[in-house]
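Asker: Model the structure of this input:
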Amino acid sequence: MTTSLWLQNAGFIFVPFIVASAVAAWFGMNDIATMKASFADQAVIFRRRHNWIMCWLYTGTFGSFIGFSAAFPLLSKILFPEVDALAYAFLGPLVGALARAGAGKPSDRFGGGRITIWVFAAMILGTVGILYAIGMKGNPIAFSVFLASFLFLFAASGVGNASTFQMIPAIMRREVARLEPGLKGADLVKQSDKESAAIIGFTSAVAAYGAFFIPKSFGSSIAATGGAEVALYGFLIFYVTCIGVTWWFYTRRGGLLFDVEHAIGKAIPTNTAP
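Answerer: Model prediction:
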């Protein structure tokens, strides 16, 4: 006996949540009416170089999060067929989402640029751990190392989602002041906030391609070499460039955010003893 299974119908599970969100937005988001902007108003971000720089960095954080969320179950099944990978598939997105929720205040406290540097360093360590686990294939603890490394990578990407978003308003407040010297006071704040919002939306759209690029990279690597290592080495190189970009443009002495984040750091008490 055979039966038909219409997998596309599974998408209908999201309909009630989409409707509820639309209703909540329509009636509850009335506090941002003054921030309306036409496409022409928002298009100025395409002339802001930091828009494109942040696209690169946010692809490294959110792009990795969404891409690995899509790739982790399939990669686990291919590399460790003896393990029921679906039983663990939800853990990565869960850890990443919780890390994102918890990283907002630390990003404000210590500075998004500083935390982003460490995020990419952690993502490099997580990727190295995955490579190590693949090399251990056949060892009883190989999958445990693989899973732990992936969860560490998910957690780091979640923190990075918060830290990179924290950077954007700080960057644009300085950039708009430099590029639009005629704007002062409330007008300057309003323009920088509008551009920040537009950049956040645009970088999110660009980074969402991680959901395609990362699984595709793994698929191409496996098809060409029989393993996922080439793709992972590519990700390592990419994360190294993200560290370099963050340091050069934002956190080094003379970088756009150095003074701001240095001041934040000095404002944090280093000795709480009575």
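Asker: low-scoring stretches of the protein, by residue?
Answerer: For the chain, residues meeting the criterion pLDDT under 70 lie at 1, 30-37, 264-274.
Asker: Longest helix in it, by number of residues?
Answerer: helix 142-179 (DSSP state H).
Asker: What residues sit buried inside that helix?
Answerer: 142-143, 145-147, 149-173, 175-176 (16 or more other C-beta atoms under 10 Å). (C-beta placed from N, C-alpha, C; glycine too.)
Asker: What is that helix packed up against?
Answerer: Identification of packing neighbours for helix 142-179 by 3 or more C-beta pairs under 8 Å, 6 or more residues apart in numbering; DSSP states H and E yields helix 49-58, helix 64-79, helix 91-102, helix 104-110, helix 112-135, helix 185-207.
Asker: So for His262, which of the ones you listed sits nearest?
Answerer: When the helices and strands packed on helix 142-179 are ranked by proximity to His262, the top entry is helix 112-135, at 9.4 Å, counting by C-beta to C-beta.
Asker: can I get the CA coordinates of that closest one in PDB?
Answerer: Taking only C-alpha atoms (Å, rounded to 0.1, in the frame of the first residue of the first chain), the coordinates of helix 112-135 have been written out as PDB:
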ATOM      1  CA  GLY A 112      30.000  45.700  19.500                       C
ATOM      2  CA  GLY A 113      33.300  46.000  17.600                       C
ATOM      3  CA  ARG A 114      35.300  44.500  20.500                       C
ATOM      4  CA  ILE A 115      32.900  41.600  20.900                       C
ATOM      5  CA  THR A 116      32.700  41.000  17.100                       C
ATOM      6  CA  ILE A 117      36.500  40.500  17.000                       C
ATOM      7  CA  TRP A 118      36.200  37.700  19.700                       C
ATOM      8  CA  VAL A 119      33.100  36.300  17.900                       C
ATOM      9  CA  PHE A 120      35.100  35.600  14.800                       C
ATOM     10  CA  ALA A 121      38.000  34.200  16.800                       C
ATOM     11  CA  ALA A 122      35.500  31.800  18.500                       C
ATOM     12  CA  MET A 123      34.000  30.900  15.100                       C
ATOM     13  CA  ILE A 124      37.500  30.000  13.900                       C
ATOM     14  CA  LEU A 125      38.000  27.800  16.900                       C
ATOM     15  CA  GLY A 126      34.600  26.100  16.300                       C
ATOM     16  CA  THR A 127      35.400  25.400  12.700                       C
ATOM     17  CA  VAL A 128      38.800  24.000  13.600                       C
ATOM     18  CA  GLY A 129      36.900  21.700  16.100                       C
ATOM     19  CA  ILE A 130      34.700  20.500  13.300                       C
ATOM     20  CA  LEU A 131      37.700  19.700  11.100                       C
ATOM     21  CA  TYR A 132      39.300  17.900  14.000                       C
ATOM     22  CA  ALA A 133      36.100  15.800  14.600                       C
ATOM     23  CA  ILE A 134      35.900  14.900  10.900                       C
ATOM     24  CA  GLY A 135      39.500  13.700  11.200                       C
END
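Asker: Now that helix: buried residues?
Answerer: Taking 16+ other C-beta under 10 Å as the basis for neighbour counts, the residues of helix 112-135 that come out buried are 112-120, 122-124, 126-127, 129-131, 133-134.
Asker: And stretch 45-57, by the same measure?
Answerer: Counting neighbours by 16+ other C-beta under 10 Å, stretch 45-57 gives 45, 48, 50-51, 53-57 as buried.
Asker: Distance to Lys190 for those residues - can I get that in a markdown table?
Answerer: Putting these into a markdown table (distance: C-beta to C-beta, whole Å) gives the following:
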| residue | distance to Lys190 |
| --- | --- |
| Ile45 | 15 |
| Arg48 | 16 |
| His50 | 18 |
| Asn51 | 18 |
| Ile53 | 23 |
| Met54 | 20 |
| Cys55 | 24 |
| Trp56 | 27 |
| Leu57 | 25 |
